[in-house]
Each structure stands twice: as structure tokens, then as C-alpha cells.
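Asker: the sequence isn't on hand, but the structure is:
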């Protein structure tokens, strides 16, 4: 299961807080059990109860405070049983009774004022004595048995437990800090480095952090943005290069036929075409060059409309058989006086389609003109339409020309792409015809592609959805 950063932080802080408390509580529990089972602890508890028992006896017999010997005889068994020495002091600190020297009287109490504790005493405990709910004196017990050892042991255990808890918390914090730094700080460092590289123009810097968390997803989106930016800049560079080539190509494509037309017109003016046959040849060349200029200007106009988003479509519902029957009949008439044979393959499908009649004819005309340009001397061009099972019709145009090099196939529908430049100049055009075809077909919801092999001709396909 993959956890997000918020969940990881919650789990981390919960573990840092709860786990040490649980472990510390368990250790304290076992320490308490061990101390309770220690014989010295039970003995110490008996001594505590004995001290309170002695205080209760003194409170009940406080009137005997002036008769120390009698008071001593009453509490002596308990003092000896627990190996205690008792000293009673009033609220001002004067000694009223001392079990070690019970024969002393109240008249000599000043002698014991500020008395030092014997060196052999192991522990000292002070209890208050009350009479009629008022504190009247203090009972100071001096213990000779080594009761400190068990208290020191308990203190050591407690300090060890608390120290272990603090150390455990420190270790957990260190571990989770290291872990979270790898989860948060490391990808942030990568993002910072990526931002710096991109700002410096290095768009090849890749972010390696791909974890399935919030920052990982952000890194993936950031890297996708980098790729898109790189692709956009590459396309911009490619576009600028193509634009410069277009300007140079347009200059050449316009200059060549105009120069030719100018030369032939001057020849006519000078009377070089003296006979009818030569005159007709001059007129034919001028017409051909004029048609090429018209074709070039039309391509540029269509391209400018496409770039501006103004290549309007007049979509209407048309019967496919009627549409393509008209288009192919007109094409067949155009090929009557040429050395290229045109045939229509198979029957035409009879379905309803939503198309712009003019634009579809424009696509077919462009593909036919391309086929004519690159056809052999005994050129053959065929066209047809088939109905596909996925509610589409497929229009195809096949030629037996030279074919398209494999390395050019994926680029032929790009703007300004003309393949071999020398051949393109020979046949005219600036590489916009197929790009315009692709735009029109895709605007109809279809696709366009080519199947071609060098020396075996080409077949162009495009689809149109049916109703």
C-alpha cells in the first residue's frame, strides 16, 4: 500500500509520541513488579507502617512526654523491632524526647538544641504529631538498617526507564528525520536543480524521483511540463527554419515561372513565333507556368487561412455514392488527353456522410496532382472508396510512380516538407498540399496516411465517418 506524505507524517509523529510512551510504561510496570517482589521492599514497607504505629502510640500517650522513661518503655519494643531511634522535637526545634538518651529531662533541652545526627544512621524520616487536630511536634526517626539500597535501586530503575525513553525518542526522531528528508527534501532538491537547469536552457535535465506520493506526482507533472516545453521549443525552432525555407522557396517558385513567362511573352512580342505551331507552343508553355503559379498561390492562401483558423467548412449531409461519382467522373475527363491512365476501382458505397463537398474534392485533387507529378511515362492512377465495418468509408488513390523514401513517409504531411528539394522544385510547390489535406480530413473527424515503397508507387488513404 502506498501512503501519501500527509499519512506518512501522521504515522511518523504518532510513532514518535506513542511508541516511547508504551515502551516506557511497560518498563515502569516491570520495574514496579520487580521492586514489589524484592524482600527489601516489603521490609521497608513494614518499617514505614511501624513508624506510623509509633506516631499513633505517641499521640495517644502524649501526656507521658514529660515522663520519658515510661514513654520509652511503651514504644521500645517497636523501636527495637525496626531498629529505629526516635527523637521528638517541638515546633521550635527543641528536643523533647530522645530514645538514645531517654533519661534527659525537659530542663536540659537546650543542651540538645541543634544536635547532629550520628554517622552510623542510614536514613532519616520526619512525621508530624497531632493533638486535637493541631500539630504539636515532630517525630524524627533515624534508621540504622540499610533502607537506602532499595530506594536507590528504585531511583536507578526509574532514571534508567526515563533515560531509555528519552534516548528512544531521540533515535526515532533521528530515523524519521532521515526518512522524511529522503521523502521531502531530496525531491525538493531535485526540483530546485531542475528549475535552475531549465532556467539556464538545459531542457534535458530529468527528475529521477518518481515515488507514488504527492511530491512524486508533482515531479512527474513537472517533468512532463519540461518535456512539453522542450518539444514546444524544438517545434518553434523547426517552424522558424521551415518559415525561412518557405520564404526562400516562395521566392524561387515565383521567380522561375514568372521569368519563363516573361521570356516567352517577349518572344511573342518580338515575333519569334513566326508560324502557328510555334505560337501555339509558346502559348501552351505560358499557360502551364500560369497554372503552376495559380496552384502555388492557392496553396499559400489555403495555408494562411488554416494558420489563422479561417479555413471554413460548409458541412452538409451528402450521399457518398453521388459525391464520389461526380468527383471521379470529372477526374476521368481531365485524364482523357494525357499519357496517364486513370481508373476507378470497385463499386461506390451508398451511405450518408457529413462533409464539405468542396473541401473533400480539394483533398482528392491534391492527392491526384501529387500522383500526376511523380508518375512514370506510362503512369497509372486508380482511385476508389470502400465501406469499413467501423462506420467509416476509406478513400484511396494509388499510383505506380517512384514511391516515397521510407525516411520521408512520417514527415510528408508536415508543413513545408518537400522531401528531395531538387525534385520538388522540378515539380513545383512548397510542401503545403499534403499538410492542407491532413487539416481538412481531420476537421471531418477522419485520418490520412500513406503506404509507399520506393520504386513500387504509393497509395494514399483517408477516412470519413458515416452517419
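Answerer: Received, thanks. Being a predicted model, the structure only gives us computed values, none of them experimental.

Asker: which of the helices and strands in this structure ranks last by mean pLDDT?
Answerer: helix 421-427 (a mean of 45; mean pLDDT, DSSP states H and E).

Asker: centroid-nearest residue for the protein?
Answerer: Of all residues in the chain, the one closest to the mean position by C-alpha atoms, centre = their mean is residue 217, 1.3 Å from it.

Asker: now the one helix or strand it maps to: average pLDDT?
Answerer: Using DSSP states H and E, residue 217 sits in helix 214-269. The pLDDT scores in helix 214-269 average 78.

Asker: and it, what other elements does it pack with?
Answerer: Other helices and strands packing on helix 214-269, by 3 or more C-beta pairs under 8 Å, 6 or more residues apart in numbering; DSSP states H and E, are helix 5-37, helix 186-199, helix 276-307, helix 421-427. The C-beta positions use only the backbone N, C-alpha and C, and glycine is treated the same way.

Asker: one more time with 7 Å, if that's ok
Answerer: Counting by 3 or more C-beta pairs under 7 Å, 6 or more residues apart in numbering; DSSP states H and E, the packing neighbours recorded for helix 214-269 are helix 186-199, helix 276-307.

Asker: the last one vs helix 214-269, what angle?
Answerer: Relative orientation of helix 276-307 with respect to helix 214-269: 160 degrees, computed using axes from the mean of the first three to the mean of the last three C-alpha atoms, to 10 degrees.

Asker: quick one: buried residues of helix 276-307?
Answerer: Going by neighbour count (16 or more other C-beta atoms under 10 Å), the buried part of helix 276-307 is 282, 285-286, 289, 292-293, 295-296, 299-300, 302-303, 306.

Asker: any weak-confidence spans in the stretch 101-250 of the chain?
Answerer: The stretch 101-250 of the chain contains residues with pLDDT under 70 at 102-123, 144-154, 157, 180-184, 210-213, 245-246, 249-250.

Asker: burial check on the closest residue in space to residue 188 that isn't next to it in sequence, number of neighbours?
Answerer: Leaving aside its chain neighbours, residue 188 sits nearest to residue 215 (7.2 Å; criterion: C-beta to C-beta, 6 or more residues apart in numbering). The tally of other residues near residue 215 (other C-beta atoms under 10 Å) stands at 20.

Asker: repeat that for residue 444.
Answerer: 20.

Asker: for the one 10 residues further on, same thing?
Answerer: Applying other C-beta under 10 Å, we find 12 other residues in the vicinity of residue 454.

Asker: assign residue 450 to helix, strand or coil.
Answerer: strand (DSSP: H, G, I helix; E, B strand; the rest coil).

Asker: isn't it right next to residue 460, touching?
Answerer: Yes. In this structure, residue 450 is within contact of residue 460 by C-beta atoms under 7 Å, at 5.1 Å.

Asker: hmm, back to that, which secondary structure elements does the helix or strand that the least confident helix or strand of the chain is followed by contact?
Answerer: Remark: after helix 421-427, the chain's next helix or strand is helix 433-443, criterion DSSP H and E. Here helix 433-443 touches helix 276-307, helix 357-373, strand 448-453, going by 3+ C-beta pairs under 7 Å, 6+ apart.

Asker: report the mean confidence score over the longest one.
Answerer: In this model, helix 276-307 has an average pLDDT of 78.

Asker: ditto for the last one
Answerer: Regarding strand 448-453, the rounded mean pLDDT is 90.

Asker: direction included, what does that strand pair against?
Answerer: Next to strand 448-453 in the sheet, as set by DSSP bridges, lie strand 457-465 (antiparallel).

Asker: just the angle between the strand it pairs with and helix 433-443, please?
Answerer: Computed with the same axes, to 10 degrees, the direction of strand 457-465 lies at 30 degrees from that of helix 433-443.

Asker: outside of strand 457-465, which residues touch it?
Answerer: Strand 457-465 has contacts (C-beta atoms under 7 Å, 6 or more residues apart in numbering) with 353, 355, 363, 367, 391-401, 403-404, 441, 444-452.

Asker: all helices for the stretch 1-150 of the chain, in order.
Answerer: With DSSP state H, counting those that start in this stretch as the criterion, the stretch 1-150 of the chain has helices at 5-37, 39-60, 68-82, 148-180.

Asker: which of the ones you listed sits closest to residue 277?
Answerer: helix 5-37 (87.9 Å; C-beta to C-beta).

Asker: does the residue nearest to residue 188 touch residue 185 like I think?
Answerer: No. If you go by C-beta under 7 Å, residue 215 and residue 185 don't touch, sitting 9.9 Å apart.

Asker: if we can go back for a sec, make CSV out of the helices of the stretch 1-150 of the chain and add mean neighbour count and distance to residue 333.
Answerer: Listed next are the helices of the stretch 1-150 of the chain as CSV, based on neighbours: other C-beta atoms under 10 Å; distance: least, C-beta to C-beta, whole Å:
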stretch, mean neighbour count, distance to residue 333
helix 5-37, 13, 72
helix 39-60, 15, 120
helix 68-82, 15, 134
helix 148-180, 14, 79
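
Asker: which among those is found nearest to residue 324?
Answerer: Nearest of the helices of the stretch 1-150 of the chain (C-beta to C-beta): helix 5-37, 60.6 Å.

Asker: how big is the angle separating that closest one from helix 186-199?
Answerer: 160 degrees.

Asker: packing partners of helix 5-37?
Answerer: helix 148-180.

Asker: what sits against residue 348?
Answerer: Counting by C-beta under 7 Å, 6+ apart, residue 348 has contacts 320-321, 324-325, 385.

Asker: not counting residues beside it along the chain, what's closest to it?
Answerer: Residue 348 sits nearest to residue 321 (C-beta to C-beta, 6+ apart), 4.6 Å away.

Asker: run a quick neighbour tally on that neighbour.
Answerer: Neighbour number of residue 321 under other C-beta under 10 Å is 14.

Asker: isn't it right up against residue 352?
Answerer: No. The criterion here is C-beta under 7 Å, and residue 321 misses it with residue 352 at 10.2 Å.

Asker: now residue 364: closest residue in space that isn't a chain neighbour?
Answerer: residue 327 (5.8 Å).

Asker: just the buried ones out of the contacts of strand 457-465, please.
Answerer: 353, 355, 363, 367, 392-401, 403-404, 441, 444, 446, 448, 450, 452.

Asker: in strands, which of the contacts of residue 348 appear?
Answerer: Judged by DSSP state E, these include residue 385 as members of strands.
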